[in-house]
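Engineer: when you get a sec, could you give me coordinates for this:
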Amino acid sequence: MIPSPRHTPADLALWKEHEEADLAYGSLPTLGKRVERSLQVLRDFISAGQSYAGASHGKDSTVLMHLLWRVKCAHGIVIPVYHVRAVPVGNPLMIIRPVACLSRWIIRTYRRGFWMIS
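Structural biologist: Numbering: from 1, shown residues only. Next up, the predicted model:
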């Protein structure tokens, strides 16, 4: 979680519960099968021709970035990632989330709105 002064003690307690549930879910064998299937779909998509990914840095995009990082680590395949931002921004944290995501996945900036997982 990205810290924010907007979080109340109740928010943080609920977040902790969700993290514990996520850890339990993450250890299920079925999740590993889904991840492998997702990685195969990405490899097939990338091998079909020139590719790029779009990331808004919401929940789904964060998962995509992680999967792309896994493909890069396992196979050395790197594709461009374009930051997609809806205007106006409805969630003020969406402005800082890309920076947190970028630093986590060690992404180099090539030019405005264009990154590569490195």
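Engineer: going forward, measure contacts between C-alpha atoms and count neighbours the same way
Structural biologist: Noted.
Engineer: tell me where the model's unsure across the chain.
Structural biologist: Judged by pLDDT under 70, the chain has its weakly predicted residues at 85-118.
Engineer: can you give me the strands in it?
Structural biologist: 53-55, 80-83, 107-111, 114-117 (DSSP state E).
Engineer: who's in contact with F45?
Structural biologist: F45 sits next to S51 when contact means C-alpha atoms under 8 Å, 6 or more residues apart in numbering.
Engineer: that one and S51, how far apart?
Structural biologist: 8 Å (C-alpha to C-alpha, to the nearest Å).
Engineer: kindly report the same for H57.
Structural biologist: The gap separating H57 from S51 is 19 Å, by C-alpha to C-alpha.
Engineer: more crowded one of those two?
Structural biologist: Neighbours around H57 and S51, counted as other C-alpha atoms under 10 Å, are more numerous at H57. The numbers are 23 against 13.
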